[in-house]
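>>> Just a sequence and a predicted model for now, questions to come.
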Amino acid sequence: MSKLADSYDDPVRIAVIGGTGIAALHSFTQVASLKVDTPWGTPSSPISILHHPSPTSGKPIPIAFISRHGLHHEFAPHEVPNRANIAALRKIGVRTIIAFSAVGSLQEEIRPRDFVVPDQILDRSKGVRPLTFFEGGLVGHVGFGDPFDEGLAEVVRACGHSLEGEGVRLHDKGTVVCMEGPQFSTRAESNLYRSWGGSVINMSALPEAKLAREAEIAYQMICMSTDYDCWHDSEDVNVAMVMANMKANAENAKNFVGAVLDELSKEEHGELVVAKHLDGGSKFCISTAKEGRGKEAMERMDWLFGEGYFG
Ligand SMILES: CSC[C@H]1O[C@H](OP(=O)(O)O)[C@H](O)[C@@H]1O
Ligand SMILES: Nc1ncnc2[nH]cnc12
């Protein structure tokens, strides 16, 4: 067996972040495994570079894959090195992220094994996770009114609907409550989130989505419901239940990712996947005057965005 390459020359524009139950994308050809160290530490897993044939040109399109919780699910939600993950992806050229997440359902009509393409987030994390690239002498405030990328969401929804009838059930919108964990919610909390209009709940949408926005990367999460949390009169959520539903629906999840990657690999989405619409978003969010900027913060930003990006 030939050794996998540890570098990849061309920029990789599209990445998938795999969550609980998705530690690898086996159905694609792996061509490289990258170890990228960042000023924010080491990512949760090596970055696999996979070749996916473009359905239009047949040309292999590189896709980056990273496992959020590590190859063996060794990082708890509050331990995931989110900054290193997002920074490493940006460094190899990524401008589009499709992130997978196993979620609890907060609404009767979102049944276990249904998919949801969320359009909003309610933050119930507790401030214990490093959550920004802008600190240590460079203050920046990016807009986050719409935490997901609507252009990507449209593509994802169309792909999901194209698989309906083959077992996929899709909800086009939803609010994901991101709780701190690692313990699951109390019943009072679960009912509170329902009264707030939460659709689904996980422990990983944040700060991942915020960091992607700061890094000017288009980001869309695909949620797969695995349980009814603890508000429902069915059995309370537990890990075995989450894993069993992930496993039972793995084929659908795989087909869904495959369809999304097929679609995003088409030339017609060339502008979308390089996230032209986000270019400069971070450059113009800086509040710190040049003379007040911290040297180390600027060195980290040079690493991430390229030297002199912030002028
Ligand atoms: C194992 S249940 C809780 C766990 O599942 C979800 O993981 P991910 O979002 O990475 O798919 C949730 O966010 C928790 O981390
Ligand atoms: N009920 C739940 N709460 C938080 N994260 C989850 N991931 C899957 N099910 C979950």
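Looks like it arrived, so ask away. Ligands and ions are numbered 1, 2, ... in the order given.
>>> Contacts only, for D302.
308-309 (C-beta atoms under 8 Å, 6 or more residues apart in numbering). Where C-beta positions appear, they are placed from N, C-alpha and C, glycine not excepted.
>>> per-residue pLDDT, it?
Note for D302: predicted pLDDT of 97.
>>> Return the set of buried residues in whatever helix or strand it lives in.
Assigned by DSSP states H and E, D302 belongs to helix 295-305. By neighbour count on 16 or more other C-beta atoms under 10 Å, the buried set for helix 295-305 is 297-298, 300-301, 304-305.
>>> Keeping just the C-alphas, turn it into CSV.
Output in CSV follows, covering the C-alpha atoms of helix 295-305 (Å, rounded to 0.1, in the frame of the first residue of the first chain):
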residue,chain,number,x,y,z
LYS,A,295,2.3,42.6,17.9
GLU,A,296,1.5,39.0,18.6
ALA,A,297,-2.1,39.4,17.7
MET,A,298,-1.0,40.8,14.3
GLU,A,299,1.4,38.0,13.8
ARG,A,300,-1.3,35.4,14.3
MET,A,301,-3.6,37.3,11.9
ASP,A,302,-0.8,37.5,9.3
TRP,A,303,-0.6,33.7,9.6
LEU,A,304,-4.4,33.3,9.2
PHE,A,305,-5.2,35.9,6.5
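>>> now it: how far from the chain's centre is it?
From the chain centre to the centre of helix 295-305 is a distance of 23 Å (C-alpha atoms, centre = their mean, to the nearest Å).
>>> follow-up on the earlier one: and the buried residues of helix 295-305 near ligand 1, which?
Among those, not one lies near ligand 1 by C-beta under 6 Å from any ligand atom.
>>> can you list these in TSV and add distance to A88?
TSV is the format used below for the buried residues of helix 295-305 (distance: C-beta to C-beta, whole Å):
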residue	distance to A88
A297	19
M298	20
R300	13
M301	15
L304	10
F305	14
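>>> just those residues now: which is nearest ligand 2?
L304 (29.4 Å; C-beta to the nearest ligand atom).
>>> OK, contacts around the closest one?
By C-beta under 8 Å, 6+ apart, L304 lies in contact with 38-39, 87, 90-91, 133, 215.
>>> and those, which of them are in helices?
87, 90-91 (DSSP state H).
>>> what's the closest of the residues you listed to ligand 2?
Using C-beta to the nearest ligand atom, those come closest to ligand 2 at A87, 25.0 Å.
>>> partners of the nearest residue to the closest one once chain neighbours are set aside in the sheet?
What sits nearest to A87 in space, not counting adjacent residues and going by C-beta to C-beta, 6 or more residues apart in numbering, is T38, at 4.2 Å. Following DSSP bridges, T38 is listed with bridge partners G41.
>>> what's near enough to touch the closest residue to ligand 1 within the chain?
Closest approach between the chain and ligand 1, counting by C-beta to the nearest ligand atom: G19, at 2.4 Å. Neighbouring residues of G19 by C-beta under 8 Å, 6+ apart: 68-69, 99-102, 204.
>>> Let me know the closest of the residues you listed to ligand 2.
A102 (4.4 Å).
>>> quick one: strands adjacent to the host helix or strand of that closest one?
Element membership of A102 [criterion: DSSP H and E] is strand 96-105. Strand 96-105 pairs in its sheet with strand 14-18 (parallel), strand 200-202 (antiparallel), strand 218-227 (parallel), by DSSP bridges.
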